[in-house]
Structure formats: C-alpha cells, structure tokens
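Visitor: Sequence first, predicted model second:
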Amino acid sequence: QVRLTESGGGSVQAGGSLSLSCQISGYTSYMAWFRQGPGAEREGVAAVYTADNSAWYGDSAKGRFTIAIDNSKITLYLQMRRLKPEDTAMYYCAAGPGGAKVLAPDGYPYWGQGTQVTVSS
C-alpha cells in the first residue's frame with residue numbers, strides 16, 4: 001500500500017511562488033501532481049518517471065512549475081512560480097504505474113488528501 005501526504009499549500013498573491021511537498025511511503029513508477037478547481041475536472045499538472053526523473057507538464061504548468069523527486073524517492077515536490085488566480089485549486093499528489101497518458105488520473109490508484117492553493121489577484 002502506497003501512502004501519500006501533501007503539504008505546503010496556502011494563499012499567495014498573483015505573481016508569487018509556492019512549493020508543495022508530498023511524502024511517499026512505497027515505490028511506484030510514476031508520480032504526479034493533479035489539481036481540481038471549483039466545478040472543474042481533475043487536471044494533470046506534472047508527472048515524473050521515478051526511474052530516470054523524466055518529467056511531463058500540462059499546458060498550464062509549462063514554464064512556471066517544476067516537478068522533482070528526491071534521490072531517496074521519499075519526497076515529491078512541485079515548485080510553482082508566477083502564480084495566477086486561475087491556479088487556485090486543490091492540489092493532489094498521486095502515484096501509480098501511469099497510463100497511456102501520464103497526465104491522466106486513471107493511471108494513478110494512489111492519492112493524497114490534497115492541499116489547497118489559493119491565488120488572489
């Protein structure tokens with residue numbers, strides 16, 4: 001059983017930065033960050049292949065967010081810069097074998113409880 005615990009969410013003004021962390025117990029091939037805003041579908045933000053740290057980003061994250069995993073494979077990070085009000089959402093850490101699309105939620109059976117990010121204008 002893989003367990004995930006997110007931390008680091010909070011409130012920030014537009015243009016600011018936040019860093020999210022996810023503590024992991026157990027090993028999976030892929031780890032990812034997803035987010036879900038009010039009334040929206042869950043969206044893949046970024047994913048990493050733990051064997052070689054290859055990374056993928058959703059369009060909204062490209063150029064602003066960075067996903068990373070420490071060498072011990074215990075902590076997953078999401079560094080978010082130049083935040084916008086539309087980044088406001090609950091952010092979830094996820095782990096699993098991945099699927100045909102690494103940023104689709106169906107490839108991740110393990111999920112954290114989520115951490116809220118709120119960006120004000």
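Guide: Ah, there it is. Numbers count the residues shown, from 1 in each chain.

Visitor: okay, CA-based contacts and neighbour counts for the rest of this
Guide: Noted.

Visitor: Quick check: closest non-adjacent residue to Arg64.
Guide: Arg81 (5.2 Å; C-alpha to C-alpha, 6 or more residues apart in numbering).

Visitor: tally of neighbours for that neighbour?
Guide: 17 (other C-alpha atoms under 10 Å).

Visitor: How much space separates it from Ala61?
Guide: Taking C-alpha to C-alpha, to the nearest Å as the criterion, Arg81 is separated from Ala61 by 9 Å.

Visitor: Need the overlap of contacts for those two.
Guide: Both Arg81 and Ala61 lack any common contact, where contact means C-alpha atoms under 8 Å, 6 or more residues apart in numbering.

Visitor: Check the burial of Asp70 by counting its neighbours.
Guide: As a burial measure, Asp70 scores 11 neighbours (other C-alpha under 10 Å).

Visitor: How about it, nearest residue that isn't a chain neighbour?
Guide: In this structure, Asp70 finds its nearest non-sequential neighbour in Leu76, 6.7 Å apart by C-alpha to C-alpha, 6+ apart.

Visitor: Can you list phi and psi of the most centrally placed residue in the chain for me?
Guide: Nearest to the geometric centre of the chain sits Trp33, at 1.8 Å (C-alpha atoms, centre = their mean). Backbone torsions of Trp33, given as degrees, to the nearest 10, read phi -110, psi 130.

Visitor: can you give me the strands in the chain?
Guide: Secondary structure of the chain (DSSP state E): strands at 3-7, 10-13, 18-25, 30-36, 43-49, 54-57, 65-69, 75-80, 89-96, 110-111, 115-120.

Visitor: The first one - contacts with which helices or strands?
Guide: Packed against strand 3-7 by the contact rule (3 or more C-alpha pairs under 8 Å, 6 or more residues apart in numbering; DSSP states H and E) you find strand 18-25, strand 89-96, strand 110-111.

Visitor: relative orientation of that strand and strand 18-25 in degrees?
Guide: Angle of strand 3-7 versus strand 18-25, following axes from the mean of the first three to the mean of the last three C-alpha atoms, to 10 degrees, is 160 degrees.
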